[in-house]
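Enquirer: how would this look folded up:
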Amino acid sequence: MPVAHFHIPIGSASTEQRAALLTAASAAYSRVLDSPIERVRTFVVQYDPADIAVGGQLVADGGAIAPYFTAIVLAGRPARQRSELLAAFTDLVVDHLDAERSRVRGQIIEVAPENWGIAGVPASDVRATEISMRAARPAAP
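Expert: Coordinates of the predicted model:
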């Protein structure tokens, strides 16, 4: 279920920088949440610099480039994990997009499992099924 969006102005990062950010963010998400990487989704969302204002000034008119990210997690994740994601994603934006750390903003968005769909099924139901399947497996010798 982990999904992250990195919001930046068009032209502020090369294709290579964006690719490196996406792959590194996927790995970090998987590591921090101890989630299979197959479940992770990361996106770069680009905006026309005329459609972004930082500190009241349009980026197209010389306003600062100030990346913003969102990271969606199922409600109930420990505060430690949420803090670690904020720090890790900020580091990745700084490292891969050459952003000034003080300008990076991020948000963790917690979603109730019954409000998140996985293949059209609420995550709360998917979780319950996974737990019962694990419980039904014979113990390893």
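Enquirer: So in terms of bridging, what pairs with residue 46?
Expert: residue 8 (DSSP bridges).
Enquirer: how many neighbours does it have?
Expert: 16 (other Cβ atoms under 10 Å). C-beta coordinates here come from the backbone N, C-alpha and C atoms, glycine included.
Enquirer: check contacts around it.
Expert: Shown here is residue 46, whose contacts under the criterion Cβ atoms under 8 Å, 6 or more residues apart in numbering are 8-10.
Enquirer: okay, now residue 59: neighbour count?
Expert: Other residues close to residue 59 by other Cβ under 10 Å number 22.
Enquirer: check contacts around the residue lying closest to it once chain neighbours are set aside.
Expert: Counting by Cβ to Cβ, 6 or more residues apart in numbering, residue 59 lies nearest to residue 49, which is 4.0 Å off, once chain neighbours are set aside. Taking Cβ under 8 Å, 6+ apart, we find residue 49 in contact with 9-12, 58-60.
Enquirer: what does residue 28 give?
Expert: By Cβ under 8 Å, 6+ apart, residue 28 lies in contact with 85, 88-89, 92.
Enquirer: so it is in which element?
Expert: Assigned by DSSP states H and E, residue 28 belongs to helix 15-33.
Enquirer: Having no further points to raise, I will conclude here.
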